[in-house]
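*Asks:* Let's see this in three dimensions:
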Amino acid sequence: MKKYLFGTAVTAGVLFAGPQAADAAINDHGSLSYGDVNSSVNDLQEALKEEGYFEGYTGSRFGPKTLQAVKDFQSAEGISSPAGNYYGVAGPSTQSALMDIIGSSSSSNTSGSSGSTSIGSHGSLSYGDVNSSVNALQKKLKEHGFFEGYTGSRFGPKTLQAVKDFQSATGISSPAGNYYGVAGPSTQSALMDYDGSSSNDDELVGGLSTGTGSDIVSTAKQYLGTPYVWGGESPSGFDCSGFVNYVFDKHGKSMPRTVASIYRASTKVSSPSVGDIVFFDTRGGASHAGIYMGDNKFIHAGASTGVTISSMNSSYWAPRYMGAGEI
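*Replies:* Predicted coordinates for the structure are as follows:
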């Protein structure tokens, strides 16, 4: 007997259309937790990816990225918290919550009704909202290059970041603003009138300026406190190169994924300028990187600290400094 979540979801075609996915259901393996390796883990990852909690390639192993994605989802939905016994375990409650959200998102994508719903039909939109106006908001953000992937009806992490990026690009709000990340009247009106211009004279890519190192540092500082996740490359968790990649990508600058390959691809400079990448040897060769902020400080995703600001003069980092480069 199917107990919960993905057997029904897959049969209904909500999550996957491929024949391989149809053969696997998360309930075939019960609750899923760190270290599990089976086909149901892939279904779980795909569902979390659909809602913006998991990025990158999916697979069959419940590793650090999956663990963090499950925790982020549980925290956002109020299912569990760090104090909970099942925090990070994808059990019946977590699976059912995912199913409910994906079901409503799928109906928004397939019904074609979003065209008749305006962004403002439900008033101001904020994190956690689930309605047809969220779908209209996501589509407008996607049209202007601020939102990627499938649209749905839930205002989740991806929508939150897209709204923040749009507000920053247009000068509507900033991290210090009371309504930063809330799609209120000003944001909605600006979205409808947006033509790709902003108050900044520099070129925009994905809504953010590519002009100066200070722009890059400003973007990086938005993610202070984000936890460290090995292999992480999204606001739900970063490793050091994933963080650098994510920030620079926001400004239209692409680079290789690993620290060693970024080091090889960079143009070396004798001393770093604001926005340059600084490299460190922590285990043989270029193995850690961050973004130079000026005043001998850099912002980076540390394994024990998450995204933080450190001094290059510290007793740990100073002897490990290798040099700086431009991309």
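*Asks:* give the contact list for the closest residue to L125 other than its chain neighbours.
*Replies:* If you skip the residues right next to it in sequence, L125 has A183 as its closest partner in space, 4.2 Å away by CB to CB, 6 or more residues apart in numbering. All C-beta atoms are positioned from the backbone trio N, CA, C, and that covers glycine. Under the criterion of CB atoms under 8 Å, 6 or more residues apart in numbering, the neighbours of A183 are I119, S124, L125, S126, L137, V163, L191.
*Asks:* Look up how far A260 lies from S93.
*Replies:* When CB to CB, to the nearest Å is the yardstick, S93 and A260 sit 42 Å from each other.
*Asks:* do the same with S153
*Replies:* According to CB to CB, S153 and A260 sit 42 Å apart.
*Asks:* If you count surrounding residues, which of these two has more?
*Replies:* Set side by side, S153 and A260 show unequal neighbour counts under other CB atoms under 10 Å, the larger going to S153 at 23 against 16.
*Asks:* Would you check how far apart the more buried one and E46 are?
*Replies:* For S153, the distance to E46 equals 18 Å [CB to CB].
*Asks:* repeat for S31
*Replies:* Relative to E46, S31 is positioned 18 Å away (criterion: CB to CB).
*Asks:* so where's this structure shaky on pLDDT?
*Replies:* Along the chain, the model assigns pLDDT under 70 to residues 1-28, 99-117, 149-150, 195-211.
*Asks:* can you give me the helices in the stretch 101-250 of the chain?
*Replies:* Per DSSP state H, counting those that start in this stretch, the stretch 101-250 of the chain has helices spanning 132-143, 157-170, 185-193, 213-221, 240-249. These are given in chain order.
*Asks:* residue contacts, V274?
*Replies:* Shown in contact with V274 (CB under 8 Å, 6+ apart): T212, G213, S214, V217, Y292, M293, G294.
*Asks:* and if you look at C240?
*Replies:* Going by CB under 8 Å, 6+ apart, the list of residues near C240 reads V259, H288, A289, G290, H300, A301, G302, A303.
*Asks:* what's the answer for A76, then?
*Replies:* Contacts for A76 (CB under 8 Å, 6+ apart) come out as Y53, Y127, G128, G156, P157.
*Asks:* OK, contacts around the closest residue to the first one other than its chain neighbours?
*Replies:* Take Y53 and drop its neighbours on the chain: the residue closest to it by CB to CB, 6+ apart is A69, 4.2 Å away. If a contact means CB under 8 Å, 6+ apart, then A69 has Q45, L48, Y53, F54, S236 as its contacts.
*Asks:* Could you give me the PyMOL syntax to select whichever of these are buried?
*Replies:* A single PyMOL command is used to select the members of the contacts of A69 judged buried by 16 or more other CB atoms under 10 Å:
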select buried, resi 45+48+53+54+236
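*Asks:* Following the chain past the helix or strand that contains K49, name the next helix or strand.
*Replies:* The secondary structure element spanning K49 is helix 39-50 (assigned by DSSP states H and E). Tracing the chain past helix 39-50, the next element assigned as helix or strand by DSSP H and E is helix 64-77.
*Asks:* Since that was my last question, I'll sign off now.
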